[in-house]
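**Q** What follows is a protein structure lacking sequence information:
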């Protein structure tokens with residue numbers, strides 16, 4: 001595995017610090033044999049066209065904060081694809097899959113999870129989708 005990004009930060013294996021993860025995130029990571037819409041921070045998800053067509057829906061939007069917190073078991077501002085409900089699609093932009101490191105939420109606001117982009121693209125329920133995000 002490559003060296004973690006941002007060497008000035010203290011990095012620890014996520015499963016050794018469950019206090020820094022939402023319980024659903026810790027459970028998902030522990031059950032993930034290799035360790036789940038993900039786009040680069042410098043891009044925007046194409047909700048109105050690509051995602052809507054892929055999901056075959058007339059309208060797509062983000063959940064209200066209260067509903068997202070209740071349905072994910074994660075803190076507002078810390079939501080991560082790891083540990084989402086199993087029936088939720090997790091779409092990954094190919095550029096994320098190609099990155100050496102992806103920094104994602106941990107389910108809480110006080111920490112982040114760093115993992116290779118290729119590993120994120122292989123997580124259970126993930127689907128790499130061309131054209132997911134625009135520059």
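**A** Okay, I see it. The model shown is predicted, which means the values in this text are computed figures rather than measured ones.

**Q** Every contact and neighbour count from this point should use C-alpha atoms.
**A** Will do.

**Q** Just list the residues touching the spatially closest residue to residue 58 that is not a sequence neighbour, thanks.
**A** Of all residues not flanking residue 58 in the chain, residue 52 sits nearest, at 6.7 Å (Cα to Cα, 6 or more residues apart in numbering). The neighbours of residue 52, taking Cα atoms under 8 Å, 6 or more residues apart in numbering as the test, are 58-60.

**Q** Most neighbours out of these, which is it?
**A** residue 60 (14 neighbours; other Cα atoms under 10 Å).

**Q** That one and residue 51: what is the separation?
**A** From residue 60 over to residue 51 the distance is 8 Å, taken as Cα to Cα, to the nearest Å.

**Q** Give me the pLDDT for residue 16.
**A** Residue 16 is assigned 85 on the pLDDT scale.

**Q** so how many other residues sit close to it?
**A** 9.

**Q** ok, it to residue 52 distance?
**A** From residue 16 to residue 52 the distance is 38 Å (Cα to Cα).

**Q** Can you tell me the SS state at the spatially most central residue of the chain?
**A** What sits nearest the mean C-alpha location of the chain, by Cα atoms, centre = their mean, is residue 81, with 3.1 Å. For residue 81, the assignment made with DSSP: H, G, I helix; E, B strand; the rest coil gives coil.
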